[in-house]
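Engineer: For reference, the sequence and a predicted model appear below.
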Amino acid sequence: MSDQISIPAVYMRGGTSKGLLFNHNDLPKDKFKLDKYLLAAMGSPDLRQINGIGGATSVTSKVCIISKSKQENVDIDYLFAQVIVDKATVDYGPTCGNMLSAVGPFSIEKGLIDAEETETKIKIRSVNTGSIIEAVVPTPNKKLKYMGDFEIDGVPGKGAPILLKFKNIVGGATGKMLPTGTPLITVNGVEVTCLDISMPIVMAKASDFGIIGNETSNELNNNLELLNKIEEIRVIAGAQMGLGDVSGKVIPKFALLSKPLNGGTITSRYFTPNTCHETHAATGTNCIASACLISNTIASQISQIEVKKVNKVSLEHPLGSIDCFVETSLSTKDNKNDFIVSCGIYRTSRKIMDGNIYIPGNFNDH
């Protein structure tokens, strides 16, 4: 007998993130106990996460809790948990589009979904936001395929492409595409766009924050004056978006935008929100790519692209770029909630470990 608790789990990379995936039935239903389990599994709070499996960054301290959906026309429910590295906090507010690319393969691996010939389409509901995502997973001969020739910036090597098509993604957190009612507001003398598409984001011009916009994530993370200015504006803008006091919370995110340098549509430095993402969040990609198509936003002012029914928008990030295919409804005005129909991105995933994770068994229920 052991004085530790053993829980079945799979450790996977999804896109440019990494984390643990659990079957919902293997975890406690009580939220207090669930938080304790997830914190212990990742090793939080600790900057090194030395006593858990977390990788000491926000993009490697993620959890996906998976179950068969009871909702009509939906296959899988996906509850995302962001385990904060240096605080005893688990945030269920956001979702993660990168880790979403691991949800389909996990569901097939664990028998929640039967693999189809050639490819398997899985309708996934984000429990956090209510959005519906169709994942198209390569399954030649009804077998999962992780390896392939598709590359994504920020991940060494190649993999099999997984298409993620995000639907009904407008207003998931606030109920509105433009939560402040207008494409631009001024906060502390700085013009910002507040948008809620797939992920609530406050966007601003990099030049208004004293940077070029092509700095590395390390350079920006070491610029404490910049981070403090971002947080001040984010908190004020968050309140104006109807999100209340967002101090200590991970939404809304923040993005500093500038002209592209390598043939893309726009350059983005995406903050999560207290550190700059080494690449780019998938949900954040949906939001910023959509913003490029909406009149008078910070993003559209910079990108100045012609709006079509289907638009390829390429976001340049610190380690390369990410493409997003945005479908719009040209029959509606671009400031209406139904203007953005869907967003599609390609990601890869890989199973790293399948087994049990162990956590201390001395938790008190309350």
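Structural biologist: Sure thing, it's come through. Numbering: from 1, shown residues only.
Engineer: So which residue is dead centre in this structure?
Structural biologist: Geometric centre of the chain, nearest residue: Cys96, 3.0 Å, by C-alpha atoms, centre = their mean.
Engineer: Next, the buried residues of stretch 94-113.
Structural biologist: With burial defined by 16 or more other C-beta atoms under 10 Å, the residues of stretch 94-113 counted as buried are 94-109, 112-113. No exception for glycine: its C-beta is placed from N, CA and C like everyone else's.
Engineer: how far is it from where the chain is centred?
Structural biologist: 13 Å (C-alpha atoms, centre = their mean, to the nearest Å).
Engineer: same check, this time on stretch 130-140
Structural biologist: 15 Å.
Engineer: Also stretch 207-224?
Structural biologist: Worked out by C-alpha atoms, centre = their mean, stretch 207-224 lies 21 Å from the chain centre.
Engineer: Same check on stretch 117-132?
Structural biologist: Taking C-alpha atoms, centre = their mean, one finds the center of stretch 117-132 at 15 Å from the center of the full chain.
Engineer: Any idea how far apart the tips of it sit?
Structural biologist: Stretch 117-132 has an end-to-end distance of 23 Å (C-alpha to C-alpha, to the nearest Å).
Engineer: Same question for stretch 129-148.
Structural biologist: 31 Å.
Engineer: buried set for that stretch?
Structural biologist: 129, 131-139, 144-146.
Engineer: I'd guess Arg269 is in a strand, am I close?
Structural biologist: Yes. Membership of Arg269 in a strand is supported by DSSP: H, G, I helix; E, B strand; the rest coil.
Engineer: how about stretch 264-277 as CSV, C-alpha atoms only?
Structural biologist: The C-alpha atoms that make up stretch 264-277 are tabulated as CSV, following Å, rounded to 0.1, in the frame of the first residue of the first chain:
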residue,chain,number,x,y,z
GLY,A,264,2.3,37.7,-42.7
THR,A,265,-0.8,39.7,-42.0
ILE,A,266,0.1,41.2,-38.6
THR,A,267,2.7,40.7,-35.8
SER,A,268,1.4,39.8,-32.4
ARG,A,269,2.9,39.6,-29.0
TYR,A,270,0.4,37.7,-26.9
PHE,A,271,0.4,38.0,-23.1
THR,A,272,-1.2,35.3,-20.9
PRO,A,273,-1.6,37.9,-19.3
ASN,A,274,1.5,38.3,-17.1
THR,A,275,4.1,36.8,-19.5
CYS,A,276,4.5,36.9,-23.2
HIS,A,277,3.6,33.6,-25.0
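Engineer: chain center to that stretch, what's the gap?
Structural biologist: Centroid separation for stretch 264-277 versus its chain: 12 Å, with C-alpha atoms, centre = their mean.
Engineer: same deal with stretch 125-142?
Structural biologist: Computed by C-alpha atoms, centre = their mean, the chain-centroid distance of stretch 125-142 equals 14 Å.
Engineer: Just the helices from the chain, written as ranges.
Structural biologist: Ranges of helices in the chain, per DSSP state H, are 31-42, 97-109, 217-221, 224-240, 282-291, 298-303.
Engineer: Who are the packing partners of the fourth one?
Structural biologist: Put plainly, it is helix 224-240. Applying 3 or more C-beta pairs under 8 Å, 6 or more residues apart in numbering; DSSP states H and E, one finds that helix 224-240 makes contact with strand 185-187, strand 190-197, strand 199-205, helix 217-221, strand 253-258.
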